[in-house]
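Peer 1: Give me a model of this one.
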Amino acid sequence: MIPLAGAAVLTAARMKEAEAASGVDLADLMRRAGEGIAAAVHRLAAGAEVLVLCGTGNNGGDGWVAAASLARGGLPVRVAALGEPATDLARAARAGWSGPVETLADAAPAPVLVDALFGTGLSRALPESAQAALVRLAGAARLRIAVDVPSGVASDDGAVFGRVPRFDLTLALGAAKPVHIVQPGARYCGTVRLIDLGIAMPSDVHVLARPDLPRPGPDAYKFSRGMVAVVPGPMHGAALLASTAAMRAGAGYVLLLDGGEGPPHALVRRAWSPEALADPRIGAVLVGNGLGRDDEARRRVAAVLATDWPLVIDGDALRLVSPEELAALRRAVILTPHQGEFQALFGDLPGSKIDRARDAARRSGVVVAYKGADTVIAAPDGRVALAGDASDWLSTAGSGDVLAGTTAAMLAGGVDPFDAACAAVWLNGEAARACGAAFIADDLAYALTAARASL
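Peer 2: Predicted coordinates:
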């Protein structure tokens with residue numbers, strides 16, 4: 001079982017293309033999948049009885065292969081089926097199981113449940129009788145394992161159909177699927193681990209991985225580490241959080257233009273003026289935190305857009321620009337919108353969150369970090385990184401300001417815009433994990449020092 005960090009993410013259609021392009025016989029791929037599932041279940045079951053639920057399609061075929069392999073390995077295993085196999089591959093896999101077969105509705109529970117009812121491509125709820133049986137059997141098990149995706153969730157967009165139990169572990173076959181990261185389906189997957197099928201999985205979408213960031217060398221000085229200029233508005237707290245985060249994430253010099261008084265004392269303050277943005281040492285400008293949307297805010301955004309500096313645009317500033325203006329900038333720009341800001345800027349785009357983020361990045365020509373319980377980072381060239389498993393405690397005022405400041409620090413340090421956004425999201429996630437529960441945005445900003453030191 002392989003952790004998902006850095007793994008390719010494929011939709012159901014792209015997965016079929018990868019399997020066809022591999023040249024490997026589909027029956028052999030099913031054997032590899034089933035035996036990989038069996039190896040993982042055997043390790044985790046610790047000798048306990050296993051109940052494998054098999055559907056009528058190829059996901060059920062994987063289940064039949066896994067059950068036969070588990071039986072050969074000496075583990076007590078039973079099979080309950082939704083019905084007779086409906087594909088040639090599933091029928092061949094069923095022929096390899098020599099034990100009895102129970103009906104799904106009448107199956108007795110077991111300590112370990114393996115769900116191989118439905119896999120990728122599901123677009124509607126399971127039959128009510130199947131839902132009831134799955135919920136009942138999952139509720140009685142001490143360990144619940146889903147094969148590829150939990151039955152009842154859509155692999156490509158994370159939609160949830162009907163009643164779906166929450167699983168402890170999902171075994172992703174060959175590649176990660178969007179649902180393993182994208183909400184609401186991801187919350188039903190539990191921990192996700194990859195079963196390698198031994199074939200190439202080409203994709204421009206990957207799970208966010210630990211970044212490889214440069215450390216200051218012996219010749220480093222404050223400006224070589226990156227200077228961030230923060231353009232605030234009347235809500236000074238938001239800009240102060242962003243400034244603190246930029247310093248804690250590694251920027252060597254942070255300039256807050258018109259941002260009130262008080263600590264941290266390492267923060268440099270100067271009165272706002274468009275001329276202040278002419279400092280040739282600036283590595284990136286951050287605008288939008290606590291900015292407001294009045295005429296003064298519009299003037300500040302216009303002054304920022306008139307510069308040549310790399311930009312991070314957050315908060316209110318996202319409502320004061322257009323995709324056309326952004327596309328005309330022709331320089332490194334990162335947007336960090338939440339759902340409301342994204343919709344205000346780009347409108348009601350179709351498709352999954354991944355589709356919408358990628359479309360927005362292509363239209364605007366900039367990197368989009370579409371944040372939330374899951375965060376989708378998209379580049380104009382089509383690259384996408386998915387970040388899931390975020391702390392629910394990030395749902396606190398000011399956490400977005402912290403992310404914006406972290407992103408500006410990465411960009412000012414000379415990191416590629418897409419990689420800068422990815423690194424910032426990873427650092428914020430790591431800082432949140434270190435904070436534990438009930439933290440506030442100030443705690444999150446201070447925890448960035450340890451997060452950066454962990455690299």
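
Peer 1: thought Leu137 was touching Leu113?
Peer 2: Yes: applying CB atoms under 8 Å, one finds Leu137 in contact with Leu113, separated by 5.5 Å. (C-beta placed from N, C-alpha, C; glycine too.)

Peer 1: So for these two, which residue has more residues nearby?
Peer 2: Ranked by neighbour count (other CB atoms under 10 Å), Leu137 and Leu113 place Leu113 first, with 26 against 21.

Peer 1: which strands and helices sit next to whatever helix or strand Ala445 lives in?
Peer 2: Here Ala445, judged by DSSP states H and E, is contained in helix 441-453. Helices and strands touching helix 441-453, by 3 or more CB pairs under 8 Å, 6 or more residues apart in numbering; DSSP states H and E, are helix 236-248, helix 399-412, helix 417-435.

Peer 1: Format the ones you listed as CSV; extra columns: mean neighbour count and mean pLDDT.
Peer 2: Converted to CSV, the helices and strands packed on helix 441-453 look like this (neighbours: other CB atoms under 10 Å; pLDDT from 0 to 100):
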stretch, mean neighbour count, mean pLDDT
helix 236-248, 27, 95
helix 399-412, 32, 98
helix 417-435, 24, 97
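
Peer 1: For those helices, could you give me CSV that also reports distance to Val149?
Peer 2: Converted to CSV, the helices and strands packed on helix 441-453 look like this (distance: least, CB to CB, whole Å):
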stretch, distance to Val149
helix 236-248, 36
helix 399-412, 29
helix 417-435, 23
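
Peer 1: Let me know which of those is the nearest to Ala81.
Peer 2: Nearest to Ala81, of all the helices and strands packed on helix 441-453, is helix 417-435, at 40.5 Å by CB to CB.

Peer 1: residue nearest the centroid of this protein?
Peer 2: Nearest to the geometric centre of the chain sits Ala387, at 2.1 Å (CA atoms, centre = their mean).

Peer 1: That one touches Ile377, doesn't it?
Peer 2: Yes: shown here, Ala387 and Ile377 form a contact pair, counting by CB under 8 Å, at 7.1 Å.

Peer 1: what do those two both touch?
Peer 2: Common contacts of Ala387 and Ile377, defined by CB atoms under 8 Å, 6 or more residues apart in numbering, comprise 208, 422, 425.

Peer 1: Distance of Gly347 relative to Arg248?
Peer 2: To Arg248, Gly347 is 35 Å away according to CB to CB, to the nearest Å.

Peer 1: Repeat that for Val368.
Peer 2: 24 Å.

Peer 1: what's the answer for Gly190, then?
Peer 2: For Gly190, the distance to Arg248 equals 32 Å [CB to CB].

Peer 1: again, but for Glu324
Peer 2: 35 Å.

Peer 1: same deal with Gly63?
Peer 2: Gly63 sits 48 Å away from Arg248, taking CB to CB as the criterion.

Peer 1: for Gly99, same thing?
Peer 2: From Gly99 to Arg248 the distance is 58 Å (CB to CB).

Peer 1: cool, and Ala116?
Peer 2: For Ala116, the distance to Arg248 - CB to CB - is 46 Å.

Peer 1: before we move on, what about Pro150?
Peer 2: Distance, Pro150 to Arg248, by CB to CB: 38 Å.

Peer 1: Run through the helices of this protein in chain order.
Peer 2: 12-22, 26-45, 58-72, 88-95, 128-140, 236-248, 295-305, 323-327, 339-346, 353-364, 399-412, 417-435, 441-453 (DSSP state H).

Peer 1: of the ones you listed, which approaches Arg281 most closely?
Peer 2: Nearest of these (CB to CB): helix 399-412, 10.0 Å.

Peer 1: just to revisit the earlier point, so what sits against both of Leu137 and Leu113?
Peer 2: 51, 53.

Peer 1: residues touching the nearest residue to His338 once chain neighbours are set aside, list them.
Peer 2: Nearest in space to His338, with sequence neighbours left out and distances taken as CB to CB, 6 or more residues apart in numbering, is Lys371 at 5.5 Å. Applying CB under 8 Å, 6+ apart, we find Lys371 in contact with 336-338, 400, 403, 425.

Peer 1: just curious, which of the residues you listed is nearest to Ala40?
Peer 2: Val425 (28.8 Å).

Peer 1: how close does that closest one sit to Val333?
Peer 2: Counting by CB to CB, the gap from Val425 to Val333 is 16 Å.

Peer 1: and stretch 340-348, which residues are buried?
Peer 2: 341-342, 345-346 (16 or more other CB atoms under 10 Å).

Peer 1: Could you dump these into TSV with pLDDT added?
Peer 2: Output for the buried residues of stretch 340-348, formatted as TSV (pLDDT from 0 to 100):
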residue	pLDDT
Glu341	97
Phe342	98
Leu345	98
Phe346	98
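
Peer 1: Find me the pLDDT at the closest residue to Glu341 other than its chain neighbours, would you?
Peer 2: Leaving aside its sequence neighbours, Glu341 sits nearest to Leu318 (CB to CB, 6+ apart; 4.3 Å). As predicted, Leu318 sits at a pLDDT of 98.

Peer 1: Give me the distance between stretch 401-411 and the centre of its chain.
Peer 2: The chain centroid and the centroid of stretch 401-411 are separated by 18 Å, computed with CA atoms, centre = their mean, to the nearest Å.

Peer 1: Oops, could you answer that again for stretch 405-413 instead?
Peer 2: Distance of stretch 405-413 from the chain centroid (CA atoms, centre = their mean) equals 20 Å.

Peer 1: cool, and stretch 429-439?
Peer 2: 17 Å.

Peer 1: Not counting its own residues, what contacts stretch 12-32?
Peer 2: 10, 58, 61-62, 65, 89, 92-93, 120-121, 155-156, 174-175, 177, 197-203.

Peer 1: Try it again at 7 Å.
Peer 2: The contact list for stretch 12-32 (CB atoms under 7 Å, 6 or more residues apart in numbering) reads 10, 58, 61-62, 65, 89, 92-93, 120-121, 155-156, 174-175, 197-203.

Peer 1: Please apply the same query to stretch 186-196.
Peer 2: Contact with stretch 186-196 is made by 1-4, 7, 33, 36-37, 40, 146, 150, 153, 158, 160, 164, 166-173, 176, 179-180, 374, 388, as judged by CB under 7 Å, 6+ apart.

Peer 1: so Met1 touches Ala40, yeah?
Peer 2: Yes: using CB atoms under 7 Å, Met1 is in contact with Ala40, at 5.2 Å.

Peer 1: And the strands in the stretch 101-250 of the chain, which stretches?
Peer 2: Taking DSSP state E, counting those that start in this stretch as the test, the strands found in the stretch 101-250 of the chain are 101-103, 112-116, 143-147, 169-173, 191-195, 205-207, 227-231.

Peer 1: Export those strands to TSV and append columns for mean pLDDT and distance to Gly252.
Peer 2: Formatted as TSV, the strands of the stretch 101-250 of the chain follow (pLDDT from 0 to 100; distance: least, CB to CB, whole Å):
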stretch	mean pLDDT	distance to Gly252
strand 101-103	96	66
strand 112-116	98	51
strand 143-147	98	46
strand 169-173	98	40
strand 191-195	97	38
strand 205-207	98	30
strand 227-231	98	7
